[in-house]
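Trainee: Starting from these lines, generate the structure:
(one chain, ligands or ions: 2)
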Amino acid sequence: MCDSHQFGRQQALSLLWEWTQSESLRKHALAVEACVVGYGESEADRLAMTGEAREALLNLYATTALLHDFDYERHPSRGEHPFVGVRELERLGWPLEMRTAILGHAEYSGTPRVTHLDKVLFACDELASGGREEEDEGQGVCARRQPAGCDSGCGGTGCGSRRAHRVLY
Ligand SMILES: [Fe+2]
Ligand SMILES: [Fe+2]
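Mentor: Ligands and ions are numbered 1, 2, ... in the order given. Okay, the predicted model is just below:
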């Protein structure tokens, strides 16, 4: 696990704020964080994790959620998001588990969602994607919720919690 002082929540917020001016995108990141950390706490309970190990897991979950779309405002196309951001995260030294989960939240990346974090990020991104109408005009962040671009198989209705349940359990 990385040094939580170097790769902690404050560092993630600083990077997010530097790259993202949109209030709705910032709110989306915080909403996804709340959801992902909630599932992380459940997972930590299930694994009976305590102390530093628990803190490290929750830090990884929080920072991954905060940064999953940090490149979207500058690089919204499918050719760039989230690939540009993941390359920057690698350059800065953020952990592989984070980068893999972030790649996996974009279905078109072809990156399989294997770990609990991979699956939770994907599900929570969907749950917390309401109220991002301006981003919905693009084809990256919210593609799964667009009637024309939705590939979730829900037929354009009720993607949210049922999808999360299907993904997670
Ligand atoms: Fe997102
Ligand atoms: Fe995204």
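Trainee: what about the protein, any weak spots by pLDDT?
Mentor: 1-5, 130-169 (pLDDT under 70).
Trainee: For it, which segments are assigned as helices?
Mentor: Listed in chain order, the helices of the chain (DSSP state H) span 9-19, 23-46, 51-67, 83-92, 96-104, 116-127, 133-136, 160-168.
Trainee: Same question for the fifth one: list its buried residues.
Mentor: This points to helix 96-104. Using 16 or more other CB atoms under 10 Å as the test for burial, helix 96-104 gives 97, 98, 99, 100, 101, 102, 103, 104. The C-beta positions use only the backbone N, C-alpha and C, and glycine is treated the same way.
Trainee: on that earlier part again, let me have the helices of the chain in CSV, extended by distance to residue 74.
Mentor: Shown next, in CSV, are these (distance: least, CB to CB, whole Å):
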stretch, distance to residue 74
helix 9-19, 6
helix 23-46, 11
helix 51-67, 13
helix 83-92, 8
helix 96-104, 15
helix 116-127, 19
helix 133-136, 13
helix 160-168, 28
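Trainee: Number of residues surrounding residue 94?
Mentor: Neighbours of residue 94 under the rule other CB atoms under 10 Å: 24.
Trainee: Could you shift the numbering so residue one becomes 27, and keep it that way?
Mentor: Okay, residue one is now 27; in that scheme the one you just asked about reads as residue 120.
Trainee: dump the residue contacts of the closest residue to it other than its chain neighbours.
Mentor: Once flanking residues are discounted, residue 120 sits nearest to residue 33: 5.8 Å by CB to CB, 6 or more residues apart in numbering. Residues counted as contacts of residue 33 (CB atoms under 8 Å, 6 or more residues apart in numbering) are 85, 89, 119, 120, 121.
Trainee: Adding distance to ligand 1 as columns, could you present those in TSV?
Mentor: TSV is the format used below for those (distance: CB to the ion, whole Å):
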residue	distance to ligand 1
85	19
89	14
119	23
120	17
121	19
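Trainee: Return the members of these classed as buried.
Mentor: 85, 89, 120, 121.
Trainee: Which two of the residues you listed have the greatest separation?
Mentor: 85 and 120 (11.4 Å; CB to CB).
Trainee: so which of the contacts of residue 33 would you say is closest to residue 58?
Mentor: The closest of these to residue 58 turns out to be residue 89 (CB to CB; 11.5 Å).
Trainee: Quick check, residue 45 in contact with residue 102.
Mentor: No - if you go by CB atoms under 8 Å, residue 45 and residue 102 don't touch, sitting 12.0 Å apart.
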